[in-house]
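*Asks:* Sequence first, then the predicted structure, then my questions.
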Amino acid sequence: MGLTEWAYSLSESLLSDPLPRRWAHSLGVAERARSLGPIMGDDAELLEAAAVLHDIGYSPAIATTGFHPLDGARFLRDQERADKRVVRLVAHHSCALLEAEERGLRQELEGEFELERPDLVDALLYCDMTTTPDGTPTSSTERMDEIVHRYGPDTIVGRFIQRAAPEIHAAAKRVEGRLAQVSADSQPM
């Protein structure tokens, strides 16, 4: 079984029944990841696998700390013996260090999981933060507004996402710039 086939199967088994909306979001994030193929090169499959797995830590079957990046990454590492790069991307997706700080878990996250290459971190952040909870494409601004509205501005998630806003928007701009450059380079002269 290939990396992406395994990732889809595992994510579906953990999310589709207990959290169908989270599953729909994960599928949308993975679809967005596939659209980045032209800029991901050899890492396209890795990104898609991490994208479909990024929220498995929400699954009631594996949630232990209540912080889904850490729970998901630990499960992938300890139970699934998953590819280390996939594990690192899940652990650090979408500015997770900032949310870990809000939860008092930053040292655990940093101590257990190294950061992946910045371009891959940007790509997964872009895919997650430009996909609605229902799995449809959106802008990073609309997605952030939706998150703050859903959780509330004074909650852990609301505070974290507002702190992360500059980096989220910057990552989206970097990814969109790379896509635009690839598109321009492929145009006939």
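*Replies:* That came through fine.

*Asks:* Could you identify the longest helix within this protein?
*Replies:* helix 156-185 (DSSP state H).

*Asks:* Show me what it is packed against.
*Replies:* Judged by 3 or more Cβ pairs under 8 Å, 6 or more residues apart in numbering; DSSP states H and E, helix 156-185 is in contact with helix 37-40, helix 96-103, helix 118-129, helix 140-151. The way it works is simple: take the backbone N, C-alpha and C, and place the C-beta from them, glycine included.

*Asks:* Would you check the distance separating the second one from the middle of the chain?
*Replies:* For helix 96-103, the separation from the chain centroid amounts to 15 Å (computed by Cα atoms, centre = their mean, to the nearest Å).

*Asks:* who touches it?
*Replies:* Residues from elsewhere that reach helix 96-103 (Cβ atoms under 8 Å, 6 or more residues apart in numbering): 65-67, 69-70, 106, 108-110, 156-157, 159-160, 163-164.

*Asks:* 10 Å instead?
*Replies:* Contact with helix 96-103 is made by 54, 57, 65-70, 72-73, 90-92, 95, 105-110, 113, 115, 121, 125, 155-164, 167-168, as judged by Cβ atoms under 10 Å, 6 or more residues apart in numbering.

*Asks:* Likewise for the shortest one?
*Replies:* By Cβ under 10 Å, 6+ apart, the list of residues contacting helix 37-40 from outside reads 33-34, 43-48, 119-120, 123, 175, 177-183, 185-186.

*Asks:* at 6 Å what do you get?
*Replies:* Contacting residues not belonging to helix 37-40 are listed as 44, 47, 178-179, 182 [Cβ atoms under 6 Å, 6 or more residues apart in numbering].

*Asks:* Mind putting those into JSON lines with distance to residue 11, neighbour count and pLDDT?
*Replies:* Listed next are those as JSON lines, based on distance: Cβ to Cβ, whole Å; neighbours: other Cβ atoms under 10 Å; pLDDT from 0 to 100:
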{"residue": "44", "distance to residue 11": "17", "neighbour count": "17", "pLDDT": "98"}
{"residue": "47", "distance to residue 11": "14", "neighbour count": "27", "pLDDT": "98"}
{"residue": "178", "distance to residue 11": "26", "neighbour count": "18", "pLDDT": "95"}
{"residue": "179", "distance to residue 11": "25", "neighbour count": "15", "pLDDT": "94"}
{"residue": "182", "distance to residue 11": "28", "neighbour count": "13", "pLDDT": "86"}
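
*Asks:* which of these sit farthest apart?
*Replies:* Within those, two members stand farthest from each other by Cβ to Cβ: 47 and 182, at 14.9 Å.

*Asks:* Residue 86 touches residue 50, doesn't it?
*Replies:* Yes - Residue 86 is within contact range of residue 50, at 5.0 Å (criterion: Cβ atoms under 6 Å).

*Asks:* Looking at the contacts of helix 37-40, which is nearest residue 130?
*Replies:* When the contacts of helix 37-40 are compared against residue 130 (criterion: Cβ to Cβ), the nearest one is residue 179, at 11.5 Å.
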